[in-house]
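# what shape does this take:
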Amino acid sequence: MSQFIDIKFINLLSSKLEKFKRKSETLFNFRCPHCGDSKKSTSKARGFLYQKKNDMFFKCHNCGMGQSLGNLIKFLDPVMYKEYSLERFKEGKTKKEPTDFDFTPSKQLRKKTTHEKTLDELTRFDKLVQTHPAKAFVYKRLIPKEHWDKFYFCPKFYEWTNEIVPNKFPNLQGDHPRVVIPFFDRSGQFFAFQGRAFGKERPKYITIKFDDTKEKIYGLDRVDLNKPVMITEGPIDSLFLDNAIALAGADAVVNIQHQQCTMIFDNEPRNEQIVNRMCQAVDKKFNLVVWPESLNIKDINDMILSGMSSAKIQRLIYNNTHSGLQALQHINNWKRI
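As a prediction, this is how the structure comes out:
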């Protein structure tokens, strides 16, 4: 019963919490109302409500603040707190408000991991001067400015990577600049990155995961599990859609209810590997987009470049989403192998 009351008041409080998202049944994410969260990036949200035993607690991974749900409610809305107290501790219960965590001033700032410090050595695209040659990457792809902080300029990719994964590139000959796209898990922890070539360097994409307990999935720190989730093949495509993540490997396991997810593959009907992956997605009970035969554009970013709006692309996705036998029939009509 206490959990039901806690969830009820968390939902009531959600309108006062910036970038509020429900990550799981008892895990909620939002920008910290105490410190205002990251000053560098308005897209980051490092405040969390989570369950410990039978109570809900708040913790910010930016400023280190920790307190019970009750005291968070009291801080944000004293009137709501009175209602919460009545419901949570009525019926003669003598149970006291859960004690806040004891954070001393020395613990107020969460220490960045070594990997996060290494990432900070690079310059985010929103911080590059307008005339920097690397800016052409976001200009040419029409990536909205609000997403520029998700890309980093790395002048020597091999050398920088070796700082995170020692001796990953034992031979530094041919080192070159790349775009670095960091991957964060649901709690905002940096666990992998993708290096994308600026020019004709091969391979075009190099994805490196330094935490083997995580899947190569981009956008987990931003996805809202209360809503349908779209899954694209690449991180850039995911930025043009509402509530989207991206797979950076064909073998990545998606730990989200499959019926809630829509898989979106590139429009390549002659690519046998993509056709096989589409069929596998249907077998795993995912919803699937099968692009109309009249569409001759490869991926979502190319659709944007052709002049289509994100809203039009989302309507196209909605109108061409299928599942089960219907999806398999559409695949058979679409494929060219």
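# what residues go with each domain of this structure?
Following automatic domain parsing, one finds the domains of the chain at 2-107, 114-214, 219-334.
# let me have those in a markdown table, adding mean pLDDT and mean neighbour count as columns.
C-beta: built from backbone N, CA, C; applies to glycine. Shown next, in a markdown table, are the domains of the chain (pLDDT from 0 to 100; neighbours: other C-beta atoms under 10 Å):
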| stretch | mean pLDDT | mean neighbour count |
| --- | --- | --- |
| domain 2-107 | 80 | 16 |
| domain 114-214 | 95 | 15 |
| domain 219-334 | 94 | 17 |
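# was I right about residue 151 contacting residue 123?
No - assessed by C-beta atoms under 8 Å, residue 151 is found out of contact with residue 123, at 9.9 Å.
# in a strand, residue 50, correct?
Yes - assessed with DSSP: H, G, I helix; E, B strand; the rest coil, residue 50 lies in a strand.
# show me what it is bridged to.
Counting by DSSP bridges, residue 50 is bridged to residue 27, residue 57.
# start at 495 instead
Renumbered: residue one is now 495, and that last one reads residue 544.
# that one and residue 560: what is the separation?
Here the distance between residue 544 and residue 560 works out to 11 Å (C-beta to C-beta, to the nearest Å).
# shared neighbours of the two, anything?
Shared contacts of residue 544 and residue 560, defined by C-beta atoms under 8 Å, 6 or more residues apart in numbering, comprise 551, 553.
# can you tell me the centre-most residue of this protein?
residue 713 (1.9 Å; C-alpha atoms, centre = their mean).
# which residue sits closest to that residue, ignoring its sequence neighbours?
Closest residue to residue 713 apart from its sequence neighbours, by C-beta to C-beta, 6 or more residues apart in numbering: residue 739 at 3.9 Å.
# next: residue 639.
Spatial nearest neighbour of residue 639, excluding adjacent residues (C-beta to C-beta, 6+ apart): residue 620 at 7.2 Å.
# show the backbone phi and psi for the spatially closest residue to residue 511 that is not a sequence neighbour.
Leaving aside its chain neighbours, residue 511 sits nearest to residue 524 (3.9 Å; criterion: C-beta to C-beta, 6+ apart). Per-residue torsions, residue 524: phi -170, psi 170 (degrees, to the nearest 10).
# hang on, the earlier thing: hang on, the residue nearest to residue 713 in a strand?
Yes - counting by three-state DSSP, residue 739 is found in a strand.
# in contact with it, which residues?
Neighbouring residues of residue 739 by C-beta under 8 Å, 6+ apart: 711, 712, 713, 714, 716, 717, 723, 724, 725, 726, 732.
# try 6 Å this time
Contacts for residue 739 (C-beta atoms under 6 Å, 6 or more residues apart in numbering) come out as 711, 713, 717, 725, 732.
# ok, residue 663 next?
Residue 663 neighbours (C-beta under 6 Å, 6+ apart): 652, 656.
# and it, which of the three is it?
Put simply, residue 663 is coil when judged by three-state DSSP.
# repeat for the one 4 residues further on
Using three-state DSSP, the three-state assignment for residue 667 comes out as coil.
# distance of it from residue 652?
From residue 667 over to residue 652 (counting by C-beta to C-beta), the distance is 9 Å.
# just residue 568 next, same as before
Note on residue 568: its distance to residue 652, by C-beta to C-beta, is 52 Å.
# next: residue 583.
Separation of residue 583 from residue 652 (C-beta to C-beta): 59 Å.
# let's see stretch 511-530 as PDB, backbone CA atoms only.
This file holds the C-alpha atoms of stretch 511-530, laid out as PDB (Å, rounded to 0.1, in the frame of the first residue of the first chain):
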ATOM      1  CA  LEU A 511      10.300  18.100 -12.200                       C
ATOM      2  CA  GLU A 512      12.000  19.100 -15.400                       C
ATOM      3  CA  LYS A 513      12.600  16.300 -18.000                       C
ATOM      4  CA  PHE A 514      10.700  13.800 -15.700                       C
ATOM      5  CA  LYS A 515      10.700  10.300 -17.000                       C
ATOM      6  CA  ARG A 516       9.700   6.900 -15.600                       C
ATOM      7  CA  LYS A 517      12.600   4.500 -16.200                       C
ATOM      8  CA  SER A 518      11.000   1.400 -14.600                       C
ATOM      9  CA  GLU A 519       8.300   0.600 -12.100                       C
ATOM     10  CA  THR A 520      10.200   2.100  -9.200                       C
ATOM     11  CA  LEU A 521      12.900   4.200 -10.900                       C
ATOM     12  CA  PHE A 522      12.300   7.800 -12.000                       C
ATOM     13  CA  ASN A 523      14.700  10.300 -13.600                       C
ATOM     14  CA  PHE A 524      14.600  14.100 -13.900                       C
ATOM     15  CA  ARG A 525      16.800  17.200 -13.600                       C
ATOM     16  CA  CYS A 526      17.700  17.900 -10.000                       C
ATOM     17  CA  PRO A 527      15.500  20.600  -8.400                       C
ATOM     18  CA  HIS A 528      18.200  21.400  -5.800                       C
ATOM     19  CA  CYS A 529      21.300  22.200  -8.000                       C
ATOM     20  CA  GLY A 530      19.500  22.700 -11.300                       C
END
